[in-house]
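# Would you be able to build a 3D model of this:
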Amino acid sequence: MESERIKKGFERTPHRALLYGTGLPRKGMDRPFIGIASSFTDLIPGHIGMRDLERCIEKGVHSAGGYSFIFGIPGVCDGIAMGHIGMHYSLPSRELIADMVESIAKAHALDGLVLLTNCDKITPGMLMAAGRLDIPSIVVTAGPMLSGRYRGRRLSFVRDTFEAMARFKKGEIEEEELLACEVEACPGPGSCQGLYTANTMNCLTEALGMSLPDCGTSLAVSAKKRRIAYMSGERIVEMVREGLTPRKILTKEAFENAIRVDLALGGSTNTVLHLTAVAHSAGIDLPLDLFDTLSRETPHLTSVRPAGEYFMEDLDAAGGVRGVLYRLKGMIKDTLTVTGKGILHHIEGLDYIDDEIIRPVERPYHKEGGIAILKGNLAPRGAVVKQSGVSPSMMRFRGRARVFDSEEGAMKAILDGRIRDGEVVVIRYEGPKGGPGMREMLAPTSALMGMGLGESVALITDGRFSGGTRGPCIGHISPEAMEGGPIALVEEGDEIEIDIPARRLEIRVGEEEMERRRQGWRPPEPKIKTGWLSRYARLVTSADKGAILE
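Just a heads-up that it's a prediction; the model follows:
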């Protein structure tokens, strides 16, 4: 066991003394040392219930003959960080989380890890650490939040706060309703109620085989989640004894399974960044084009918010991730999971799937998967769109560019009513380097929907979108503006063509003119010149490579 390097031999007397100083009993010294990496915090609704789950995991570890040590991992709430300097820190925090888990596990010679997580960058950061370390690891995601309620109507965070804000600005709702949404949209613990990034990644963690069956959708407030936490604590001790490590689970085929589940769910575009980064940590090459290849073959089977009307609580009751895997079983490879069994084993005998919430492949919501990869002279290395959230009338669109060098400039123009039908909002210098940190554009995309422009205005950016984004919004444009990509050369009034079925994103400007602009382009001064983000901006790769640090 890994822990033997700190507890075996007379020369480890000082190490054992310190371990006994923690309260470790003598007989505990011979047990597997299990780290519980807990991202509990009072700052994030998705994480406030983790103290309870920590206890359940501990009970499982000790019941199975291990000895557990809880250590803390920080997290950023994207919703609270949104729309101000805080969002610069969200995506970079993924790298810090992976580094911290790696540091603690290596420094303290842990034999196995239970990774207790839930929200946007924390789950992929934990998975990245598991892939790097390759010591037995199991993920427990804390689960989705219940829907809110207002006058008989169910509420979800994004639609009933961000979009409601724009509707209030437009005069469609009264202040009373807006204030009611503030209080009621997030009724308690859990990750936000739709297929936003947190819940999408939690589902994909189960699809990858890195968490127990049903973990991806079981609700934060449920006894079912407590049982899964307990069983995960038991199982990690068995995994240590079996030598079952993440790289035996995180194979190329497992990532293909996860991508197919993502496409069938119509999940967040951020999963393209995160799956690519997790694969890299596990030594797997996951090219951007693979997402589009699989999207052509994989139908979109669910209609969960933000693109649809169902909630995560509905998806869980309808069959959860296992229900989606069952629908796709002809496309799914039987890859190994943390249970020690193949993933197809877990869908045997599944006795109920709701045919409307998780449709059969013969009757999908859309014939293609939820995500599409676009390329063209505006995005030579690719761009990402959640096509399941785009109406049929906006799948092909031409419009005049309205150019902004920051999210704030675009947001002000939208709320001031300066964006008109038939225009394409271009937000640049918000990529991994230029942001820095590749900020989410939930505020402007929600504002466009709330202002009634979702069927007449498109938005493109080298930044990224929240899982809550819907409408004709294209992100991850690579190369980004800070690297001198074509998006840096767009000028006010240029015609831009979007053709999602043909997978094209073009600027209708001649190459000779683009070359003239290219010769005159100079990178702007970095927005942030000190601290961690200045180092991040120097080291981060482009979005098409997962915005990882090299």
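# rest of the way, CA atoms for contacts and neighbours
Fine.
# Tally up the residues packed near Met145, please.
For Met145, the neighbour count with other C-alpha atoms under 10 Å is 27.
# so what's it closest to, chain neighbours aside?
What sits nearest to Met145 in space, not counting adjacent residues and going by C-alpha to C-alpha, 6 or more residues apart in numbering, is Gly190, at 3.8 Å.
# What does the pLDDT read for that neighbour?
Listed pLDDT for Gly190 reads 98.
# Arg227 belongs to a strand?
No. For Arg227, which was evaluated using DSSP: H, G, I helix; E, B strand; the rest coil, the result is helix, with no strand membership.
# any idea how far the residue nearest to Met145 lies from Ser446?
22 Å (C-alpha to C-alpha, to the nearest Å).
# For Leu273, which residues are in contact?
Neighbouring residues of Leu273 by C-alpha atoms under 8 Å, 6 or more residues apart in numbering: Ala543, Asp544, Lys545, Gly546, Ala547.
# Could you report the neighbour count for Thr197?
Count around Thr197 with other C-alpha under 10 Å applied: 26.
# And it, how close does it get to Arg464?
11 Å.
# any common contacting residues for those two?
Taking C-alpha under 8 Å, 6+ apart as the criterion, Thr197 and Arg464 both touch Thr269, Asn270.
# contacting residues around the closest residue to Ser3 other than its chain neighbours?
Nearest non-adjacent residue to Ser3, counting by C-alpha to C-alpha, 6+ apart: Ala109, 4.7 Å away. Going by C-alpha under 8 Å, 6+ apart, Ala109 touches Glu2, Ser3, Glu4, Arg5, Ile6.
# Also Glu184?
Counted by C-alpha under 8 Å, 6+ apart, Glu184 has contacts Gly148, Arg149, Tyr150, Leu155.
# Only whichever of those residues are buried, select them in ChimeraX.
The ChimeraX command for the buried members of the contacts of Glu184 (criterion: 16 or more other C-alpha atoms under 10 Å) is given here:
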select :148,149,155
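# I'd like the contacts of Glu184 laid out as a markdown table, including pLDDT and secondary structure.
Formatted as a markdown table, these follow (pLDDT from 0 to 100; DSSP: H, G, I helix; E, B strand; the rest coil):
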| residue | pLDDT | secondary structure |
| --- | --- | --- |
| Gly148 | 96 | strand |
| Arg149 | 95 | strand |
| Tyr150 | 94 | strand |
| Leu155 | 95 | strand |
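# Between the contacts of Glu184, which sits nearest Thr161?
Set against Thr161, the nearest of those by C-alpha to C-alpha is Leu155 (9.2 Å).
# any idea how far that closest one lies from Gly209?
31 Å.
# Kindly report the same for Ala129.
In terms of C-alpha to C-alpha, Ala129 sits 16 Å off from Gly209.
# need the contact list for Ser222.
By C-alpha under 8 Å, 6+ apart, Ser222 has no neighbours at all.
# same deal with Ala98?
By C-alpha under 8 Å, 6+ apart, the contact set of Ala98 is Gly125, Met126, Leu127, Met128, Ala129.
# secondary structure element for the fourth one?
Secondary structure here is read from DSSP states H and E; on that basis Met128 sits in helix 122-133.
# What of Thr217?
According to DSSP H and E, Thr217 maps onto no helix or strand at all.
# No further questions, thank you.
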